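Q: Quick one: sequence plus predicted model below, questions after.
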Amino acid sequence: MKSIFYTRFFILLPWILIVIIVIDIDTKRLSVRNTASFYLSRLGNVQQQRQVVRTTRSSSSTTSSSSSGSNATSLPVIYAITPTYSRAVQKAELTRLANTFRQVPQFHWIVVEDSNSHTELVSRFLARSGLRYTHLNVFTPRRFKRTGMPRATEQRNLALGWLRGHRSVKDKGVVFFADDDNTYSLALFEEMRSTRRVSVWPVGLVGGRRYERPLVEEGKVVGWYTGWKADRPFAIDMAGFAVNLQVILSNPRALFKRRGAKPGMQESDFLKQITKVEDLEPKAKNCTQVLVWHTRTEKVNLGNEPKRQQDSVYIEV
């Protein structure tokens, strides 16, 4: 009997050992899985917590941005009208302006090309500028491009027409004629933003003098410090005044004259239609501070540009 028992025992022993080993392995696997699940769940909780923190921070910054944005949107919009035409320094001039305008809150740039259609250069430039803008074009007839003729008349009038067609009495804004050959201080835009009707200030490097300015006494404009035709009704440069949008809208016939207009008289001809000298609003510390300069980019010398064998690569300048 003993021999039979031992024989069966030794036959079953390997199977018993195999079962024990398998059970042990499964137990270890289960333990590993439980441990892994525990740490993965902890990791998931941490990630969720981080996500909540990020969302909260994002919400906080959004709330802050919304708050500052709401303050900005309560400001009157500054509509800067810039006539421009194709020339070697055009993109350089527009780049300088855009770098300034981009820092001005509630700003709308109206760029009007002297051309029969939108040029690719200006279209691409404006699309990449990061500014709110309107791109217009109108061609100046060649008979009006002679020396001694007023410039950019059609372009400014087209911009005024756009404002009258796209803005209403509900819109708050200030209209400013920002030529592309000037340099502007950011402080100027804060000065003009409170314009009730027509505001004025000095302009540097114009009229053959270091500056020209309205003369002010007791908060009223009483004359002009200028080097050219001081007897003009408004002896002021195009960069020296701004007009409340509602004044533009309420005077639909106020335009820059072409017929009978003389160079240097466009400002006077236009302002006579919408205001009087005694009603002007002096800015920039009673017109004693220069915040805009008629700098004009130096005419470039392209005498060494090859007429033949030009660069095989086209580069926009």
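A: Yes, it's here.
Q: If we go by neighbour counts, what in stretch 110-119 is buried?
A: Neighbour-count burial for stretch 110-119 flags 110, 111, 112, 113, 114, 115, 119 (criterion: 16 or more other CB atoms under 10 Å). C-beta coordinates here come from the backbone N, C-alpha and C atoms, glycine included.
Q: Return the subset of the residues you listed lying in strands.
A: Among the buried residues of stretch 110-119, the members falling in strands (DSSP state E) are 110, 111, 112, 113.
Q: Pick the one among these closest to residue 162.
A: Residue 162 lies nearest to residue 110 out of those, by CB to CB, at 6.6 Å.
Q: any weak-confidence spans in this structure?
A: 1-72, 260 (pLDDT under 70).
Q: any chance you could map the helices in the protein?
A: 2-73, 90-101, 120-128, 153-166, 186-192, 245-250, 266-271, 284-287 (DSSP state H).
Q: which one of the ones in strands among the buried residues of stretch 110-119 sits closest to residue 195?
A: Distance to residue 195, by CB to CB, is smallest for residue 110 among these, at 16.9 Å.
Q: which residues does the closest one contact?
A: Residue 110 sits next to 79, 80, 81, 82, 133, 134, 136, 159, 162, 163 when contact means CB atoms under 8 Å, 6 or more residues apart in numbering.
Q: what's across from the first one in the sheet?
A: Same thing as residue 79. Residue 79 forms beta bridges with residue 108, residue 175, as assigned by DSSP bridges.
Q: what's the neighbour count on it?
A: Residue 79 has 26 neighbours, counted by other CB atoms under 10 Å.
Q: right, and it touches residue 173 too?
A: Yes - look at residue 79 against residue 173 with CB atoms under 8 Å: they come within range, at 5.5 Å.
Q: Mutual contacts of these two, please.
A: Common neighbours of residue 79 and residue 173 (criterion: CB under 8 Å, 6+ apart): 108, 245.
Q: Any idea which residue is closest to the centre of this structure?
A: The centre of the chain sits closest to residue 131, judged by CA atoms, centre = their mean, with a distance of 2.9 Å.
Q: Spit out the contact partners of the residue lying closest to that one once chain neighbours are set aside.
A: Spatially, and ignoring its direct neighbours in sequence, residue 131 is nearest to residue 109 (5.1 Å; CB to CB, 6 or more residues apart in numbering). Residue 109 makes contacts with 80, 82, 98, 101, 126, 129, 131, 132, 133, 134, as judged by CB under 8 Å, 6+ apart.
Q: For residue 317, see how far away the residue nearest to residue 246 when sequence neighbours are not counted is.
A: In space, and not counting its chain neighbours, residue 246 is closest to residue 169: 6.7 Å by CB to CB, 6+ apart. The gap separating residue 169 from residue 317 is 44 Å, by CB to CB, to the nearest Å.
Q: and what of residue 222?
A: Separation of residue 222 from residue 317 (CB to CB) stands at 47 Å.
Q: Also residue 149?
A: Distance of residue 149 to residue 317, given as CB to CB: 28 Å.
Q: quick one, which of the two is more surrounded?
A: Between residue 149 and residue 317, counting by other CB under 10 Å, residue 149 is the more crowded of the two (14 against 9).
Q: doesn't residue 100 make contact with the residue nearest to the centre of the chain?
A: No - under the criterion of CB under 8 Å, residue 131 makes no contact with residue 100, lying 10.5 Å away.
Q: Could you pull up the contacting residues of residue 139?
A: 114, 115, 116, 154.
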